[in-house]
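In: need a structure here:
(chains A and B)
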Amino acid sequence: GAVVSQHPSWVICKSGTSVKIECRSLDFQATTMFWYRQFPKQSLMLMATSNEGSKATYEQGVEKDKFLINHASLTLSTLTVTSAHPEDSSFYICSARVAGATDTQYFGPGTRLTVL
Amino acid sequence: GIQVEQSPPDLILQEGANSTLRCNFSDSVNNLQWFHQNPWGQLINLFYIPSGTKQNGRLSATTVATERYSLLYISSSQTTDSGVYFCGSGGSNYKLTFGKGTLLTVNP
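Out: This is a model prediction of the structure:
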């Protein structure tokens, strides 16, 4: 149980284009999902918290107009990197919080974005 | 926000050895999780352990919340244990702050 998927697993795009990444909780409902970014050989940095049916809350320094987050249902959150540039190349990971007795977060397999 | 420090940053072991990884956090936490990141980047949940002790096979973890640290024990290490181990801790807002990780290399 508690499986989180991400799609696509990797994507290469041209500078200036937009890329959408999907995060799905497959066997549970997630009122809260999180988006992280990880640079090579570094830790995970929280970008934003995505709550179903409401606007996402962004961490300091994260451009909300560049990283659009939509959490339209209890099992799906999307991250759209708009007008991507090479510096946006990174590993993006989502997680979903299992509400209930514990606050355990389960992580998706990640999406590797390369912007040419 | 919560600050998380992990030690050691790197650890090299021979297969069969035991190891202890440490995670210090700066404030009281509602959530403390240990993860193993595999070579493909997937974070594998090891333990949810904001306090107390848990064991799962060759792995066990202990969190002493009053002293703000958690320990991950790996016994009889195997080459498949290699990878980066992260701890993430969080307060009442459910956000997780991650340490910089421990890179474990287990040699045959």
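In: Let me see the contact set for residue 72.
Out: This is for chain A. A:52, A:78 (Cβ atoms under 8 Å, 6 or more residues apart in numbering or on different chains). C-beta coordinates here come from the backbone N, C-alpha and C atoms, glycine included.
In: meant chain B actually
Out: Per Cβ under 8 Å, 6+ apart, neighbours of residue B:72: B:20-23, B:34, B:46-47, B:59-61, B:85, B:87.
In: Those residues of chain A touching chain B, which are they?
Out: With Cβ under 8 Å from any Cβ of the partner chain as the criterion, chain A meets chain B at residues A:2, A:32, A:34, A:38, A:42-46, A:49, A:91, A:93, A:95, A:97, A:102-107, A:109-110, A:112.
In: what about the strands in the chain?
Out: Defaulting to chain A. A:4-7, A:10-13, A:19-25, A:32-38, A:44-51, A:57-58, A:67-73, A:76-81, A:90-97, A:105-107, A:111-115 (DSSP state E).
In: that's the wrong chain, I meant chain B
Out: Counting by DSSP E, the strands of chain B are B:4-7, B:10-14, B:19-25, B:31-37, B:43-48, B:52-56, B:59-64, B:69-74, B:83-90, B:97-98, B:102-107.
In: Now these in CSV, please, with extra columns for mean pLDDT.
Out: Below are the strands of chain B laid out as CSV (pLDDT from 0 to 100):
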stretch, mean pLDDT
strand B:4-7, 97
strand B:10-14, 97
strand B:19-25, 97
strand B:31-37, 95
strand B:43-48, 95
strand B:52-56, 97
strand B:59-64, 98
strand B:69-74, 98
strand B:83-90, 95
strand B:97-98, 95
strand B:102-107, 96
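In: Make CSV out of these and add distance to residue A:73.
Out: Shown next, in CSV, are the strands of chain B (distance: least, Cβ to Cβ, whole Å):
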stretch, distance to residue A:73
strand B:4-7, 32
strand B:10-14, 42
strand B:19-25, 33
strand B:31-37, 24
strand B:43-48, 23
strand B:52-56, 32
strand B:59-64, 34
strand B:69-74, 34
strand B:83-90, 24
strand B:97-98, 27
strand B:102-107, 37
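In: on that earlier part again, make JSON lines from the strands of chain A and add mean pLDDT to it.
Out: Shown next, in JSON lines, are the strands of chain A (pLDDT from 0 to 100):
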{"stretch": "strand A:4-7", "mean pLDDT": "96"}
{"stretch": "strand A:10-13", "mean pLDDT": "97"}
{"stretch": "strand A:19-25", "mean pLDDT": "97"}
{"stretch": "strand A:32-38", "mean pLDDT": "95"}
{"stretch": "strand A:44-51", "mean pLDDT": "94"}
{"stretch": "strand A:57-58", "mean pLDDT": "95"}
{"stretch": "strand A:67-73", "mean pLDDT": "91"}
{"stretch": "strand A:76-81", "mean pLDDT": "96"}
{"stretch": "strand A:90-97", "mean pLDDT": "95"}
{"stretch": "strand A:105-107", "mean pLDDT": "93"}
{"stretch": "strand A:111-115", "mean pLDDT": "97"}
